[in-house]
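Asker: the following comprises the amino acid sequence and a computationally predicted model.
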Amino acid sequence: GESVGLHLPTLSVQEGDNSIINCAYSNSASDYFIWYKQESGKGPQFIIDIRSNMDKRQGQRVTVLLNKTVKHLSLQIAATQPGDSAVYFCADLDSGGSYIPTFGRGTSLIVHP
Amino acid sequence: DAGVTQSPTHLIKTRGQHVTLRCSPISGHKSVSWYQQVLGQGPQFIFQYYEKEERGRGNFPDRFSARQFPNYSSELNVNALLLGDSALYLCASSRTDYSNQPQHFGDGTRLSIL
């Protein structure tokens, strides 16, 4: 299948700053995208999703932006807190194709108090 | 409501043995998927089951097999274990097999092969 990659393996921020985690995907047929947060010793936790008919979606303190032209999405976390420290994964799916979501390696977010 | 539960949480096996991992989905979820996550990597898709039928299979050898029971719980079996099978095995559930909805993950089974 196609690969999903992340631009930065590690992102360090100060508490209270805004964080931006980027993700590139290569499957032009992908039309559904999900962000997951994985804390140490835990399974991935769903954060937010977005479908290809949207370019922006907001949740609580998080915003996902989708740019289909360049096959790029980002996760913005406002007022980053120490509890946000984790590895963040994006995954993409082609809802009209086989159900095999593709995950990238992940970005490790480190929040300094 | 309880989330996805997996058992056991940790397991140590030796090469050549077989292992069975278990998963109970969120109540009302009928689809279960299995993933392998090697340290430092994202989850890799192994299988998806819906209504007891296999709906998807990733690029894993035939040593890996799974099944889903009438109560929607699932087992992942791995035979002839290799050192490279050491990983975190994740189970995820969703309401249906539609691919445009998020899966919800359990905390995984940490499998170590000696």
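Answerer: Yep, it's here.
Asker: contacts only, for the residue in chain B positioned nearest to chain A.
Answerer: Nearest to chain A, among the residues of chain B, is residue B:42, at 3.2 Å (Cβ to the nearest Cβ). Every C-beta, even on glycine, is put in place using the N, C-alpha and C of the backbone. With contact set as Cβ atoms under 8 Å, 6 or more residues apart in numbering or on different chains, residue B:42 has these partners: A:4, A:89, A:91, A:103, A:104, A:105, A:106.
Asker: and if we set it to 6 Å?
Answerer: Contact analysis of residue B:42 by Cβ atoms under 6 Å, 6 or more residues apart in numbering or on different chains lists A:89, A:103, A:104, A:105, A:106.
Asker: other residues contacting the helix or strand where the first one lies?
Answerer: Residue A:89 is located in strand A:86-93, with elements delineated by DSSP states H and E. With Cβ under 6 Å, 6+ apart as the contact definition, strand A:86-93 has outside contacts at A:4, A:21, A:23, A:25, A:30, A:32-39, A:101-104, A:106-109, B:42, B:99.
Asker: and with 8 Å instead?
Answerer: Taking Cβ under 8 Å, 6+ apart as the rule, strand A:86-93 contacts A:2, A:4, A:6, A:21, A:23, A:25, A:27, A:30-40, A:44, A:47, A:73, A:75, A:99-104, A:106-109, B:42-43, B:99-100.
Asker: can you report phi and psi for residue B:85?
Answerer: phi -80, psi -10 (degrees, to the nearest 10).
Asker: before we move on, back to that, buried only: go through the contacts of strand A:86-93 for me.
Answerer: Buried subset of the contacts of strand A:86-93 (neighbour count, 16 or more other Cβ atoms under 10 Å in any protein chain shown): A:4, A:6, A:21, A:23, A:25, A:27, A:30-38, A:44, A:47, A:73, A:75, A:99-104, A:106-109, B:42-43, B:99-100.
Asker: okay, and which of those map to helices?
Answerer: Secondary structure from DSSP state H places none of the buried ones among the contacts of strand A:86-93 in helices.
Asker: where does pLDDT dip in chain B?
Answerer: In the predicted model, chain B carries pLDDT under 70 at residues B:1, B:97-100.
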